[in-house]
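*Asks:* How does the following fold in three dimensions:
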Amino acid sequence: MHVGLNLIYLMPGRTGGMETVARELIPALAAARPDVRLTAFVNREAASEQGPWREAAEWVPLPVRASSRLDWVRAEQTLLPRAAAAAGVELLHSLGATAPLWGPFRRVVSVYDFNYKLYPETHNPLYGRGLDLLVRLGARRSDRVLTCSQSTRIDAERLLSVPGERIDVVPLGLGAARDVAPTPERELRDRYGLDPTRQLVLTFSDRRPHKNLLRLIEATRDGAYMLVIAGYVTAYERELRAGIADLGLEERVRLLPWVSDADREGLYELALGFVFPSLYEGFGLPVLEAMARGVPVACSNAASLPEVAGDAALLFDPHDTQAIATALRRILGDPHEAERLRVAGRERAAQFSWEATAAGTLACYERTLSGWP
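*Replies:* Take a look at the predicted model:
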């Protein structure tokens with residue numbers, strides 16, 4: 001089997017969960033089936049990337065600037081099909097929700113969520129409409145669609161008009177691997193201005209409206225802890241900072257950019273609780289990441305998050321600021337509940353692995369090449 005991997009959308013350090021999937025899934029595919037040839041088609045920015053995912057596949061750089069959405073969309077529909085055909089791939093798996101509409105090979109596309117459709121304020125209106133069109137056309141022209149949760153599968157059937165028998169549900173693994181030493185506490189506190197006298201609550205989240213961060217910030221108003229929000233910075237940052245200032249929380253809330261792997265692990269070690277208040281997620285990798293590290297989790301009860309968290313997290317209504325605040329008080333103020341969540345979280349996270357994701361993905365490839373159903 002010769003599988004092509006469409007990664008021309010990927011900007012290292014800026015693509016969030018879709019980058020995590022690529023970095024973790026590709027080595028797992030190679031380990032599970034050494035007889036499968038993997039060829040990854042990448043853009044200029046990603047061409048110099050190193051690591052296990054690079055070693056697991058042959059990389060074919062294309063003259064594409066991922067920083068230009070128009071550039072990579074155009075290349076996906078023109079350069080990529082020709083390059084994949086020239087490489088002789090039998091199946092092309094597009095890992096970034098959009099996919100080429102033609103080519104002499106079978107096609108699989110991974111669709112992770114529909115925030116652009118359900119929460120259009122998340123994106124520029126023109127970009128949102130364009131993404132909606134590209135995802136729908138790519139899914140309809142693909143042989144099979146991969147989703148990462150039953151919740152997303154239901155959304156895909158409804159929003160993409162793709163028959164359910166052409167959709168496979170393959171849950172993701174544990175998010176980013178814990179493969180670096182954590183930054184020491186004192187260095188972290190000095191670097192990010194974290195008050196050593198306060199407890200720390202953590203979340204990893206891009207700055208986008210559907211992530212519900214303004215309600216989370218408001219929920220911390222009556223607490224004594226510090227809230228750290230780390231993630232990809234967007235134009236929405238201005239609104240968040242204005243909200244922090246209006247509430248007088250400048251000393252207790254820190255907005256950090258995308259942090260290094262070492263800093264990420266250091267923040268997990270410092271955190272007494274992890275909170276994820278998103279209004280909509282296709283899966284919710286950060287929830288599993290925190291659980292795997294033994295951090296008590298409180299998260300939204302919306303979309304796929306209850307499916308992922310099970311009974312190993314405190315679930316709250318993300319529209320209810322008081323419910324968020326109550327969940328955080330339970331984690332920080334009830335040692336028995338915090339310990340229960342630590343134990344339950346580790347057990348829950350252990351049920352998800354990239355090996356299982358690779359096995360499910362390879363089964364999808366086999367079904368695609370066999371023409372089933």
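
*Asks:* so Gly4 sits in a helix?
*Replies:* No. Going by DSSP: H, G, I helix; E, B strand; the rest coil, the assignment for Gly4 is strand, not a helix.

*Asks:* which residues touch it?
*Replies:* Gly4 is in contact with 39-41, 84, 87, 89, 91-93, 105, counting by CB atoms under 8 Å, 6 or more residues apart in numbering. The way it works is simple: take the backbone N, C-alpha and C, and place the C-beta from them, glycine included.

*Asks:* ok, those residues vs Ala31, which is closest?
*Replies:* Distance to Ala31, by CB to CB, is smallest for Ala40 among these, at 15.7 Å.

*Asks:* so which helix or strand takes in that closest one?
*Replies:* Applying DSSP states H and E as the criterion places Ala40 in strand 37-42.

*Asks:* And Val201, how close does it get to Leu240?
*Replies:* As for Val201, its distance to Leu240 is 16 Å (criterion: CB to CB, to the nearest Å).

*Asks:* got it, and Leu270?
*Replies:* For Leu270, the distance to Leu240 equals 21 Å [CB to CB].

*Asks:* returning to what we had before: ok, so of the contacts of Gly4, who is nearest Gly173?
*Replies:* Taking CB to CB as the measure, Gly173 sits nearest to His93 out of those, at 16.4 Å.

*Asks:* in the stretch 151-300 of the chain, which ranges drop under the pLDDT threshold?
*Replies:* The model of the stretch 151-300 of the chain has pLDDT under 70 over residues 175-178.

*Asks:* just the strands in it please.
*Replies:* Using DSSP state E, counting those that start in this stretch, the strands of the stretch 151-300 of the chain run over residues 167-169, 200-204, 226-230, 253-256, 273-276, 297-300.

*Asks:* Just name the most buried of those strands.
*Replies:* Comparing the strands of the stretch 151-300 of the chain on average neighbours per residue, with mean count of other CB atoms under 10 Å, the densest one is strand 297-300 at a mean of 29.

*Asks:* which SSE is Leu137 in?
*Replies:* Following DSSP H and E, one finds Leu137 within helix 125-141.

*Asks:* how about Asp195, what does it touch?
*Replies:* Applying CB under 8 Å, 6+ apart, the residues near Asp195 are 189, 226, 251-252.

*Asks:* returning to what we had before: CA atoms of the strand holding Ala40 as CSV?
*Replies:* Output of strand 37-42 as CSV, limited to C-alpha atoms (Å, rounded to 0.1, in the frame of the first residue of the first chain):
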residue,chain,number,x,y,z
ARG,A,37,4.9,3.3,2.1
LEU,A,38,4.1,6.8,3.3
THR,A,39,4.7,9.9,1.2
ALA,A,40,4.0,13.3,2.9
PHE,A,41,3.4,16.4,0.7
VAL,A,42,4.4,19.5,2.6
